[in-house]
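Participant: how does the following fold in three dimensions:
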Amino acid sequence: MNVQKFDDIRSYHDAEIPEVVHRLLSDAAFCKLLEMIQPGKKLDDLKSMLQGIPSIQEFQKSFIYPYVRGLADRTTASLDLAGFKYLDKTSTYTFVSNHRDIILDSAFLDILLIDKGLDTFEIAIGDNLLIFPWIRDLVRLNKSFIVKRGLPVRQQLTASLELSSYMYYALHEKKQSIWIAQREGRAKDSNDRTQESVLKMLNLGGGGSVLENLASMQIVPVSISYEYDPCDYLKAREMQLRRDNPDYVKTVKDDLFNMQTGLMGFKGRVFFKITPCLSDELQKLEVGMHKNELFEKIAQLIDTRIHKNYHLYPGNYIAADMLDGLDRFAQSYSQKEREHFSVYLQKQLDKIELKDKDEPFLKKRMLEMYANPLKNKLEAEKK
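Facilitator: Next up is the predicted model:
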């Protein structure tokens, strides 16, 4: 395979580190970030350390892992992983997960797998988030590959084929596992659904049938549960802005603030659940099924796995009861927990600044964010 055709989207190689590090250290914004990541160390010492990094693996070990681990210690009450038993250390997988936080969904899973003795995986990241050149360099140094967004239809098809081909190359030739969100962008209301377009993209780079191609991708659904979403009020705010103005588009400043809030905000307990690889199930599906039916069925399989394996918290039950005006789930939380969640909810609502602030609308949207994982889990458990 001609790997040069992936040069504008692939993650960086070890041999490119000196050139990339030189560019990064020439950027004042990156140097400022570097001092934040490694507090208490002199910038000149940090620069010398980076300049001496021999490999991507060492970069992740020396810089990325300590920062993400420290962030987890500061901004979560706990960070846990279940389902590791379903992974074979000699295999490579395509981890497909629901999407809560722009950066931390993949970053937290990465360090959890490192703790279990696995190699880090490559991360699919939308180019809409690569606001500055140094961000593009940094994420590609951290084993990310680029998903091109917002292209005209013909160019998007070409870009999707390139992306899919790269993913097959990464899995089968580079022997690297991959992480990709089940949809483009976060589900603002936490009503997680796999976009069939993601599965159609995954299929493009294969040389066989839909079932053969996706089975070879070794898809592993991963369910992510955050007790609190630091960006919940920002998501609700965006929902009102879109309701009031269908043409509303977030600014670069909005994206940066969302990333910062997600990184630094308190998340409570965070739980990742790995589920078994789908390949065996895919091979049981009807070969003669129409392609569109196949993609719909496979999306449903992923969704069911993710929904069934949510880790629920008191806030999920409380939000559902507050929405419905009932006490259906009262046995799943205490009065003190309900009071605590109500106070939290109001504090988040108070952060929203809008000219025509519609608090009942905003409150309902935020309650739905916390209630939907419970509702989807209950529905999935019926299947």
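Participant: what's the local residue count around residue 243?
Facilitator: For residue 243, the neighbour count with other C-beta atoms under 10 Å is 12. For glycine as for every other residue, the C-beta is placed from the backbone atoms N, C-alpha and C.
Participant: ok, and the closest non-adjacent residue to it?
Facilitator: residue 361 (7.3 Å; C-beta to C-beta, 6 or more residues apart in numbering).
Participant: list the contacts of the helix or strand hosting the one you found.
Facilitator: If you go by DSSP states H and E, residue 361 is part of helix 359-380. Contacts to helix 359-380, defined as C-beta atoms under 8 Å, 6 or more residues apart in numbering, come from residues 188-192, 225, 229, 232-233, 235-237, 239-240, 243, 303-304, 307-308, 310, 312, 315-320, 322-323, 329, 345, 348-349, 352.
Participant: how far off centre is that helix?
Facilitator: In terms of C-alpha atoms, centre = their mean, to the nearest Å, the centre of helix 359-380 is set 20 Å apart from its chain centre.
Participant: helices and strands around the helix or strand containing residue 342, which ones?
Facilitator: Here residue 342 sits within helix 335-350, counting by DSSP H and E. Applying 3 or more C-beta pairs under 8 Å, 6 or more residues apart in numbering; DSSP states H and E, we find helix 335-350 packed against helix 232-244, helix 314-324, helix 359-380.
Participant: what does the second one contact?
Facilitator: The reference is to helix 314-324. Around helix 314-324, the neighbours that count as contacts under C-beta under 8 Å, 6+ apart are 227-228, 310, 327-330, 332-334, 337-338, 341-342, 344, 364, 367-371, 373-375.
Participant: which of those residues count as buried?
Facilitator: The neighbour-count criterion (16 or more other C-beta atoms under 10 Å) marks 227-228, 310, 329, 332-333, 338, 341, 344, 367-371, 373-375 among these as buried.
Participant: residue 5: which of the helices and strands packed on helix 335-350 is closest?
Facilitator: Closest to residue 5 of the helices and strands packed on helix 335-350 is helix 232-244 (C-beta to C-beta; 36.3 Å).
Participant: got the angle for the closest one vs helix 335-350?
Facilitator: 50 degrees (axes from the mean of the first three to the mean of the last three C-alpha atoms, to 10 degrees).
Participant: what helices or strands is helix 232-244 leaning on?
Facilitator: Using 3+ C-beta pairs under 8 Å, 6+ apart: helix 232-244 touches helix 252-264, helix 335-350, helix 359-380.
Participant: and the angle from that helix to helix 252-264?
Facilitator: Counting by the same axes, to 10 degrees, helix 232-244 points 150 degrees away from the direction of helix 252-264.
Participant: give the rounded mean pLDDT of helix 232-244.
Facilitator: The average pLDDT for helix 232-244 rounds to 97.
Participant: ok so, going back, and the helices and strands packed on helix 335-350 as JSON lines, adding distance to residue 182?
Facilitator: Listed next are the helices and strands packed on helix 335-350 as JSON lines, based on distance: least, C-beta to C-beta, whole Å:
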{"stretch": "helix 232-244", "distance to residue 182": "17"}
{"stretch": "helix 314-324", "distance to residue 182": "19"}
{"stretch": "helix 359-380", "distance to residue 182": "13"}
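Participant: tell me which of these sits most buried.
Facilitator: A comparison of these by mean neighbour count, using mean count of other C-beta atoms under 10 Å, puts helix 314-324 on top with a mean of 21.
Participant: tell me the mean pLDDT over it?
Facilitator: The model assigns helix 314-324 a mean pLDDT of 98.
Participant: wait, a helix at residue 123?
Facilitator: No. Under DSSP: H, G, I helix; E, B strand; the rest coil, residue 123 falls outside any helix and is assigned strand.
Participant: who does it form a beta bridge with?
Facilitator: Beta-bridge pairing of residue 123, defined through DSSP bridges, involves residue 144, residue 179.
Participant: what residues are up against it?
Facilitator: Contacts for residue 123 (C-beta under 8 Å, 6+ apart) come out as 106, 110, 139, 142-145, 178-179.
Participant: from residue 131, how far off is it?
Facilitator: As judged by C-beta to C-beta, to the nearest Å, residue 123 and residue 131 stand 17 Å apart.
Participant: same check on residue 242?
Facilitator: Distance, residue 242 to residue 131, by C-beta to C-beta: 21 Å.
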